[in-house]
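Could you look at this predicted model? Sequence included:
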Amino acid sequence: MTTLPPRRQIVLKLFEHAANNALPAPTDRDIANELGIQSGGSANKYVRELVAMGLISIENVLQNRRVVTIVGTGRSTVMPRPKREN
């Protein structure tokens, strides 16, 4: 397997951590914060690249909510809980 560039490695590790610990997938905003960038759109670009490389697959279950599967392990993140309205 080819070595991933640093930012893509970070994004993959975030998804792997969530999948290995039965957590929801990080949002694009979470990923942007972790990468130290302001744009969720830029973070989403890295996510799409990981999909294109066949390293992860994504099931969009609801608007802004996704379940990510790590192709190499078959482990998946969990469905995020809906936000409670007060």
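Structure received.

Need the residue closest to the centroid of this protein.
Phe15 (4.6 Å; CA atoms, centre = their mean).

now Glu49, nearest residue through space, not along the chain?
Sequence neighbours aside, Arg8 is the residue nearest to Glu49 in space, at 6.3 Å (criterion: CB to CB, 6 or more residues apart in numbering). C-beta here means a position set from N, CA and C on the backbone, and glycine is covered the same way.

Run through the residues that contact that neighbour.
By CB atoms under 8 Å, 6 or more residues apart in numbering, the contact list for Arg8 reads Tyr46, Glu49, Leu50.

Filter the residues you listed down to just the buried residues.
Tyr46, Glu49, Leu50 (16 or more other CB atoms under 10 Å).

Sitting in helices, which of the residues you listed do you find?
Tyr46, Glu49, Leu50 (DSSP state H).

To what extent is Pro26 buried, counted in neighbours?
Look at Pro26: counted by other CB atoms under 10 Å, it has 21 neighbours.

If you drop the residues flanking it in sequence, what lies closest to Lys76?
Not quite, residue 76 is Ser, not Lys. Nearest to Ser76 is Thr69, by CB to CB, 6+ apart, at 4.4 Å.
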